[in-house]
Every structure is written in C-alpha cells, then in structure tokens.
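Participant: no sequence for this one, just the structure:
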C-alpha cells in the first residue's frame, strides 16, 4: 500500500488537476514528528487547506493504519481513484537542478537540502540544493496558504525536504526557472546550530572539516573534487584497457612486505605475524610469469610513515601497472606518459562544470616528458643551497626546487631517472658496471607522484639483490618460485591517485583529495 502521506500528496495533485470536477483544490501541509512511524501507531497530522473559506477539508489523522484516509476524501474522488486504478498517484515527475530548466509551466517534485531562506516581507525565497546545483523556491505570501508559507519559512538550514509545485520561467534565476510550491514534506530536520556552515564565507580548520566530512562534502567546491577524482579513476581504467591491460586485484594482507623496513603495519593474523600491503609489487611481478603480460590495479596501500605533512598519509589509493616484454625502462615511461596524457585530456573535456566551480584550468603538457638523471638533479639541488651528497634522497625541498627550475622552463611533468641502486628496492634492476639502477620517478609540479623502473627478472641475480638488501630469500619463496620457471623481462610503476588528483587541481593538502584520510593522528571518521 502507498504511504499515507504519499497518497495525500498525490490526491492533492489530482484535486488541482480536476478542480472543476472535484472542488477541493488547495495545499497540503504535512507535519511529521521526528520519531513518527505510522506503522507503529505514531501520530501524523495532515491538513488539506482550501484557498476559500467555503472550500476546505480539514482532518487530523491518528492511528496505526490507513483507514482514516477514506474519511478525508470526497466519495466522488474515491470512486474516481478506484476506477482509475490509482494510476494518477504517479503523475508528478521528479526533477533536479540539472534538468528542471526544461519543465516550465508543469508541476514537478524536487528534493534536496535547504541551503538558505530569505524572507523579504511579502515574498520569501528558499534555495534548495541537490547534487547538481540549486533551485529557487519562490513563495509569494499572498498566493500561498498561510500555513504552508509559515511552515516552509521556519525550516532550519540543511533540513532535507521534498517540494511539489509549479515551475515558472524567470529571468531572475541562474536556471531560468523557479518553483512555486503547493506541497512540501520534511524528510529530515537538521539540528541547530550546524557543526560548520556550508555556504558561510568563514574559514574552517582542516580538523573541523574532516571531523564533519558529511557536511564538508556538501560544499560544491569540495564535492567537485571527488567528482573529478571519480572521473580520473575511470579514465585510468579506460587508458589501461585501450592498451591491452587486464584489471586485477591482489591481497592486502601478506606474510611479507614488498618494500620491507619500518613502514610496515603489523597485523595479528590468527596468532601469526602478517602485514598490510605497502604495494601490490610482488604479486604484480608474479603475474608476469602467467601470460597475463599487462596488468594494472587500483587499490589501497598502507605505509606506517611517521610523517604528519600535507603530502603524507598512512592509507592511500595506488594505481599500479606491470608489463612484460620490455627492452628498457623507457618503454615503461612511455606507457605512463600516454596514460597521464589521456587522464588530463579527459578531465579537461569531461569535468568542465567541476573545474569551473573550482576556478581551475587544466594544462596539457606536450609529449614526451623530459627525462633528468638523478645526478643532474643532485647538482641542481646542491647549486640551490641544499647540502645533499651522492646517494641521498632528494627530499621534499629538493623536489620543490627542481620543480621550480623545470616550471621556469615550461615543464610541469618530468622524469628523474637512474637513481643509485642502493636507494631502490631489491626488485629494481641494477645498471651493470655502475652504482645506479634502471629506475625512475615521475614528478608533477615539484612533487613525486610515481616510482617505477625495469625489474630484475633473472632468478640468481634477484636472490643476490635480496641478500644485499638484508632480506631472507626463504621468506619470499612464494615470490621467487615464479622466477624459477620462466619469467619474461618486465617493468612497471606505482602512481599515487590521491597525489595525482592533488597536483592536477593544485590542492594545498593531499587530504583534500581523500574522503576519509588516515594519518598518524586520524583514525576516525
């Protein structure tokens, strides 16, 4: 059976459409208690209020079933509804701010959050916000039932409501239309005061925003970030599929870590030691021996890094790829270039509305991206006054300095290659006869967003590299077995999706691009 209040809303619509036949046109005001549940015997109060004193019906409904419904409808209307099979109950179309513009001079229902109410004496305006934007609800005091007018104008900000009314053309609104209400329902009342504002021009601290993320994301500029992020992930999948890559999912709990070291999260796995995955690296390489010679994964990774900066978190989304039959690390670089180029062009094309909200324009760097060597970058950093020595990590300040130098030359994206082998994990191939490796980072506007390189596919040399890094090959037997029975040359990469989105949109903090970030001090919400 249709809900009681839903029936009444539809009945009013029918009464208005057939007012010559059923003279009971007017407005319904629906009052619902916070804990109301009509099936449990709670109370609901409805008024059907006519615009003329001699034309109204007024009924207070109490009870735990719908029997009272019949007592507020003229017999003639009941007969009509029975004969029509109640089909008229579904006549009002549901619209939103994205498609209401083509509904002028029709009756529709809209739903959303009360963003703001402005009372200007003889007329009031309610701004209703939904996913796609805002709709103006216009309430001329003299043309609306007094009870309807009073009930709507007393709503609290961020309450969730449903409004039915007539769409009118208007040159005073951004959409070119406004809605004149005849029926409304409060679906959920918002408490006062709000923990933070949605449209208020007040700076709110990051902690407050993250503690109240459910309200923070209601801000159009915050919501836009995550809509763009969703498009970015979709574009990555498209680019990979176009290039013959297979989407895979690898375990996130394991007996060993791909990188080793102090950044592993320990897990008690039924009394046995285990770790959260730092990356899918070992499984990606195992898959290279299976014939699935091009694979990618977009999934979570975990690093127990004791860094509380605007670029570090302990849980992040990583886009990893691995490909066989490469001849050099540049083959991997070329694939990354094509993928990032596809993503940037796609965001520019598909996210124009969101980019406009953020006031952001996307620039598309030309291909190929420049390739710098570690040694060249080390000299840049040293010349810039940062005292680093051979083998040192370039660090945040070093990356930023290099980014500034490259920006002056017109480059936002660039590779840094040939890192010292001792600075890279055991699975990276050494550059024979040197202390360097076939490895690279991809930096974007002065920040690393990706690491990759050519992997060591020769079993004996791989075991020696493990020992050189202080690792016990026995603990990695599940991984090494795949190299004993035919492993093609291969390479791959990992790209931080959160960092990629952050740099595309020039966000000040990587947490801006993560729905519910995790770091050293944040485990909730």
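Facilitator: Great, that's in hand. Bear in mind the structure is a predicted one, so any value in this text is a computation, not a measurement.

Participant: Closest to the centroid, which residue in the protein?
Facilitator: residue 226 (3.0 Å; CA atoms, centre = their mean).

Participant: How about the contacts made by that residue?
Facilitator: For residue 226, the contact set (CB atoms under 8 Å, 6 or more residues apart in numbering) comprises 217, 515. To be clear about C-beta, it is placed using only N, CA and C from the backbone, and glycine gets the same treatment.

Participant: Next, it: phi, psi?
Facilitator: Phi and psi for residue 226, reported as degrees, to the nearest 10, are phi -80, psi -20.

Participant: Kindly report the same for residue 418.
Facilitator: Torsion angles, degrees, to the nearest 10, at residue 418: phi 60, psi 60.

Participant: can you pull the contacts of it?
Facilitator: Residue 418 touches 373, 374, 375, 431, 436, 437, 438, 439, 440, counting by CB under 8 Å, 6+ apart.

Participant: swap in residue 287?
Facilitator: Contacts of residue 287 (CB under 8 Å, 6+ apart): 248, 295, 322.

Participant: pLDDT score for it?
Facilitator: Listed pLDDT for residue 287 reads 98.

Participant: What count of nearby residues applies to the nearest residue to residue 393 once chain neighbours are set aside?
Facilitator: Once flanking residues are discounted, residue 393 sits nearest to residue 423: 6.8 Å by CB to CB, 6 or more residues apart in numbering. Using other CB atoms under 10 Å, the number of residues around residue 423 comes to 16.

Participant: and if you look at the one 10 residues further on?
Facilitator: Neighbour count of residue 433, defined by other CB under 10 Å: 6.

Participant: repeat for residue 187
Facilitator: Residue 187, neighbours per other CB under 10 Å, totals 12.

Participant: Quickly find the element holding it.
Facilitator: strand 177-188 (DSSP states H and E).

Participant: On the C-terminal side of that strand, identify the next helix or strand.
Facilitator: helix 206-211.

Participant: And the contacts of that following helix?
Facilitator: So helix 206-211 is contacted by 195, 196, 216, 509, 511, 516, 517, 522, 525 (CB under 8 Å, 6+ apart).

Participant: which among these end up buried?
Facilitator: Buried positions within the contacts of helix 206-211, assessed by neighbour count (16 or more other CB atoms under 10 Å), are 196, 216, 511, 517, 522.

Participant: which residues touch the fourth one?
Facilitator: Okay, so that is residue 517. For residue 517, counting by CB under 8 Å, 6+ apart, the contacting residues are 210, 313, 315, 510, 511.

Participant: Go through these and say which is closest to residue 487.
Facilitator: Comparing the contacts of residue 517 against residue 487 with CB to CB places residue 315 closest, at 30.9 Å.

Participant: List the contacts of that closest one.
Facilitator: 300, 301, 302, 517, 518.

Participant: let's go with 6 Å and repeat that
Facilitator: Counting by CB atoms under 6 Å, 6 or more residues apart in numbering, residue 315 makes contact with 300, 302, 518.

Participant: so what's it bridging to?
Facilitator: residue 302 (DSSP bridges).

Participant: and the gap between residue 347 and residue 419?
Facilitator: 30 Å (CB to CB, to the nearest Å).

Participant: Same check on residue 518?
Facilitator: Taking CB to CB, one finds residue 518 at 28 Å from residue 419.

Participant: Among those two, which residue is more densely surrounded?
Facilitator: A count of neighbours by other CB under 10 Å puts residue 419 above the other of residue 518 and residue 419, at 25 against 16.

Participant: Test my guess that that one contacts residue 439.
Facilitator: Yes: here residue 419 lies in contact with residue 439, judged by CB atoms under 6 Å, at a distance of 4.8 Å.

Participant: so of the buried ones among the contacts of helix 206-211, which ones are in helices?
Facilitator: Secondary structure assignment by DSSP state H places residue 216 of the buried ones among the contacts of helix 206-211 in helices.

Participant: could you dump the buried ones among the contacts of helix 206-211 to CSV with distance to residue 145?
Facilitator: As requested, the buried ones among the contacts of helix 206-211 are exported to CSV (distance: CB to CB, whole Å):
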residue, distance to residue 145
196, 35
216, 37
511, 48
517, 48
522, 49
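
Participant: Which member of the buried ones among the contacts of helix 206-211 is positioned nearest residue 272?
Facilitator: residue 522 (28.7 Å).

Participant: pLDDT at that closest one, what is it?
Facilitator: So residue 522 comes in at 94 (pLDDT).

Participant: try residue 28
Facilitator: Taking residue 28 on its own, its pLDDT is 41.

Participant: just residue 11 next, same as before
Facilitator: As predicted, residue 11 sits at a pLDDT of 56.

Participant: In space, what's closest to residue 126 - neighbours in sequence excluded?
Facilitator: Going by CB to CB, 6+ apart, residue 126 has residue 137 as its nearest residue, at 3.9 Å.

Participant: beta partners for the one you found?
Facilitator: With DSSP bridges as the rule, residue 137 is bridged to residue 126, residue 179.

Participant: Same question for residue 272.
Facilitator: Bridge pairing for residue 272 - DSSP bridges - gives residue 269.

Participant: For the contacts of helix 206-211, work out which two are farthest apart.
Facilitator: Most distant of the contacts of helix 206-211, by CB to CB, are 195 and 509, 20.2 Å apart.

Participant: What about residue 164, how many residues nearby?
Facilitator: Using other CB under 10 Å: residue 164 sits among 23 other residues.

Participant: Show the contacting residues for it.
Facilitator: Residue 164 neighbours (CB under 6 Å, 6+ apart): 92, 109, 182, 183.

Participant: And these, which is closest to residue 407?
Facilitator: After measuring the contacts of residue 164 against residue 407 - CB to CB - the closest member comes out as residue 109, at 50.9 Å.

Participant: In terms of helices and strands, where is that closest one?
Facilitator: strand 107-119.

Participant: quick one: average confidence on that strand?
Facilitator: On average, strand 107-119 scores 96.

Participant: Stretch 339-352 too?
Facilitator: Here the average pLDDT along stretch 339-352 is 98.

Participant: Could you check that stretch and say which residues are buried?
Facilitator: Within stretch 339-352, the residues that count as buried by 16+ other CB under 10 Å are 339, 340, 341, 342, 343, 344, 346, 347, 348, 350, 351.

Participant: Confirm the second one sits in a strand?
Facilitator: No: if the criterion is DSSP: H, G, I helix; E, B strand; the rest coil, then residue 340 is helix and not within a strand.

Participant: Okay, it and residue 413: tell me how far apart.
Facilitator: 7 Å.

Participant: Which parts of this structure are helices?
Facilitator: 4-17, 75-84, 146-153, 206-211, 213-216, 220-242, 281-287, 329-350, 352-358, 374-383, 395-408, 459-468, 477-484, 497-504.

Participant: one step back: is it possible to get the contacts of residue 287 out as a markdown table so that each row also shows distance to residue 355?
Facilitator: What follows is the contacts of residue 287, written out as a markdown table (distance: CB to CB, whole Å):
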| residue | distance to residue 355 |
| --- | --- |
| 248 | 32 |
| 295 | 32 |
| 322 | 32 |
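
Participant: so what's residue 435 up against?
Facilitator: residue 420.

Participant: So what does it have for phi and psi?
Facilitator: phi -100, psi 10.

Participant: what's across from the residue lying closest to residue 163 once chain neighbours are set aside in the sheet?
Facilitator: Closest residue to residue 163 apart from its sequence neighbours, by CB to CB, 6+ apart: residue 184 at 4.6 Å. Listed beta-bridge partners, residue 184: residue 29, residue 163 (assigned using DSSP bridges).

Participant: any idea of the pLDDT on residue 184?
Facilitator: So residue 184 comes in at 91 (pLDDT).
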